[in-house]
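Trainee: Got a predicted structure plus its sequence, pasted below:
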Amino acid sequence: MLFMMIVKASKNSEVGNLPNPELREAMDKYNEELVKAGVRVMAKGLHPSSNGIRLSFPEPGGKPVVTDGPFTETKELIAGFFLIDVKSREEAIEWAMRAPDPMGHGEGQIELRQVYE
């Protein structure tokens, strides 16, 4: 079963603040554990939304509207993700629970979603 662990953006990630060395070390260790267990498919961080482009489709069959970032609703943005391949929903939750606070400022949030296969 594929699950995406979506790391939600924060005010810090949106201004481009990189994690401190301790958090980077903890994230590297976590990534190594995922790889060693054979469950990590991919893991990446994303640039702030100020570098993003959003397409919306306000008219059925019409042309999309292109909007350049930044986007103001931080709680709706994604800062990164892990894609994991596990045997069950419970195992996905277990792996997500082992992740360090992805923002390191007590504002981290991970959303876990199963991927259609």
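Mentor: Sure, I can see it. Since the structure is predicted, the reported quantities are computational estimates derived from the model, not experimental observations.
Trainee: Can you list the strands that the strand or helix carrying Ala79 pairs with?
Mentor: Using DSSP states H and E, Ala79 maps to strand 78-85. The strands beside strand 78-85 in its sheet (DSSP bridges) come out as strand 2-8 (antiparallel), strand 40-45 (antiparallel).
Trainee: could you give the mean pLDDT of it?
Mentor: For strand 78-85, the mean pLDDT works out to 96.
Trainee: same check, this time on stretch 27-39
Mentor: For stretch 27-39, the mean per-residue pLDDT is 97.
Trainee: Output it as CSV - backbone C-alpha positions only.
Mentor: The C-alpha trace of stretch 27-39 is given here as CSV (Å, rounded to 0.1, in the frame of the first residue of the first chain):
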residue,chain,number,x,y,z
MET,A,27,15.5,13.8,9.4
ASP,A,28,18.6,12.1,7.7
LYS,A,29,18.4,9.4,10.4
TYR,A,30,14.7,8.9,9.9
ASN,A,31,15.2,8.7,6.1
GLU,A,32,17.9,6.1,6.6
GLU,A,33,15.5,4.1,8.7
LEU,A,34,12.9,4.2,6.0
VAL,A,35,15.4,3.1,3.4
LYS,A,36,16.9,0.4,5.6
ALA,A,37,13.3,-1.0,6.2
GLY,A,38,12.7,-1.0,2.5
VAL,A,39,9.6,1.2,2.7
